[in-house]
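Trainee: predicted model, plus sequence, below.
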Amino acid sequence: MSNTNPLVQMETSRGEIILELDAEKAPLSVANFLAYARAGHYDGTIFHRVIKGFMIQGGGLTLDMQEKPTAAPIKNEARNKLKNKTGTIAMARTEEIDSATAQFFINTEDNKFLNNTGTSAADFGYAVFGQVVDGMDVVYTIEQQPTTSVAGHEDAPVEPVVISKVTVID
């Protein structure tokens, strides 16, 4: 990654995470994430899905497990050659290939099975668009939170992990 890539500061109830986004290899995903960040969409959302040895997912649900409204889905950039490695951030999506909106996840392991290997929904993959450059200790702290099922969401932290603010660092 280069010095021209945007940096983002994510303040959580467990500490701060600094992300460097890869605007060259994932321009749509980066522009999408920055638009949500600048609009304040992520402020007050939670990490609603936390799975040890896999990833932490957030950016779409409020403290009371309500899904926030989003803009239209974006095109999946999983063919950008960026891999779902430990510390990378990627767009979450449904089973539809081009369904990512605001939700993202941070990989806590190398998750090769999430990389693009074909054209079907099952093997198209998840678009990586950046990486944690500071605060992996915070990511691992979040990953270790005890989880439960809440309002139909599996793997939700028992004590909510709140994203209080996401700031684009100029």
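Mentor: Sure thing, it's come through.
Trainee: what helices or strands is the helix-or-strand element of the chain with minimal mean pLDDT leaning on?
Mentor: When the helices and strands of the chain are scored by mean pLDDT, DSSP states H and E, helix 121-124 comes last with a mean of 90. Packed against helix 121-124, as judged by 3 or more Cβ pairs under 8 Å, 6 or more residues apart in numbering; DSSP states H and E, are no other helices or strands. Quick note: C-beta positions are derived from backbone N, CA and C, even for glycine.
Trainee: what residues of it count as buried?
Mentor: residue 124 (16 or more other Cβ atoms under 10 Å).
Trainee: again with stretch 33-40
Mentor: Residues 33, 34, 36, 37 are the ones in stretch 33-40 that count as buried (16+ other Cβ under 10 Å).
Trainee: likewise stretch 127-142?
Mentor: 127, 128, 129, 130, 131, 132, 135, 136, 138, 139, 142.
Trainee: ok, and the closest non-adjacent residue to the spatially most central residue of the chain?
Mentor: Note on the chain: the residue nearest the mean C-alpha position is residue 104, at 2.2 Å, using Cα atoms, centre = their mean. Sequence neighbours aside, residue 59 is the residue nearest to residue 104 in space, at 5.0 Å (criterion: Cβ to Cβ, 6 or more residues apart in numbering).
Trainee: repeat that for residue 34.
Mentor: residue 168 (5.8 Å).
Trainee: so what are the sheet partners of the helix or strand harbouring that neighbour and their directions?
Mentor: Element membership for residue 168, per DSSP states H and E: strand 162-169. When pairs are called by DSSP bridges, strand 162-169 turns out to pair with strand 7-12 (antiparallel), strand 45-51 (antiparallel).
Trainee: just name the most buried of those strands.
Mentor: When neighbours are counted by mean count of other Cβ atoms under 10 Å, the highest per-stretch mean among the strands paired with strand 162-169 falls to strand 45-51, a mean of 23.
Trainee: one step back: ok, so of the buried residues of stretch 127-142, who is nearest residue 64?
Mentor: residue 142 (19.3 Å; Cβ to Cβ).
Trainee: ok, now which ones touch the residue nearest to residue 104?
Mentor: Listed by Cβ atoms under 8 Å, 6 or more residues apart in numbering, the contact set of residue 59 reads 36, 41, 42, 45, 92, 102, 103, 104, 163.
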